[in-house]
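In: Need coordinates for the following:
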Amino acid sequence: MNLAPPATFGLTGWAEKAALVGILLAATGAIFALIRVLTPHLVRRASQITDPQKWQQRRTAVTLLATMLRYTALVAAVGVIVAILAGAGGVGALGGSAVIAVTIGFASQRLLTDVIAGFFVLFEGQYAVGDTIA
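Out: Purely as a prediction, here's the structure:
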């Protein structure tokens, strides 16, 4: 007689899923800590520049990169946790993730356009601190 493992609250394999989620949360925490440690170091390195406009540009770029990395790690962690808890297998999961990816792509289209335009403004030096635009 072959008995299936008991399910807790209707969830089979909950211990393995909890362990995977725990490992993922620890890895995400380590990424956040690494970003927190590296950001001040990179800002200090950028402060060695004597031109105040270039210093401000580099400081802004480092801060923007750190924020973008934090959000990317957070969104990826949430996505993987949902995939782990949902079972993430089969054609249904692939189709569902494709629909979610297309939805996120359309939703973030304007945001990405603004970010790219901001990079051009930041790195081409079109505007400086103290400029007045009429």
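
In: what packs against the one helix or strand Gln56 maps to?
Out: With secondary structure defined by DSSP states H and E, Gln56 is part of helix 52-86. Judged by 3 or more C-beta pairs under 8 Å, 6 or more residues apart in numbering; DSSP states H and E, the packing partners of helix 52-86 are helix 14-46, helix 90-107, helix 109-124. Just so you know, the C-beta spots here come from the backbone N, C-alpha and C atoms, and that holds for glycine as well.

In: what's the closest residue to Phe123 other than its chain neighbours in contact with, if anything?
Out: Computed as C-beta to C-beta, 6 or more residues apart in numbering, the closest residue to Phe123 that is not its neighbour in sequence is Gln57, at 6.9 Å. Applying C-beta atoms under 8 Å, 6 or more residues apart in numbering to Gln57 gives the contacts Leu122, Phe123, Gly125.

In: again, only this time at 10 Å
Out: With contact taken as C-beta atoms under 10 Å, 6 or more residues apart in numbering, Gln57 is in contact with Ala46, Ile49, Asp51, Val121, Leu122, Phe123, Glu124, Gly125, Ala128, Val129.
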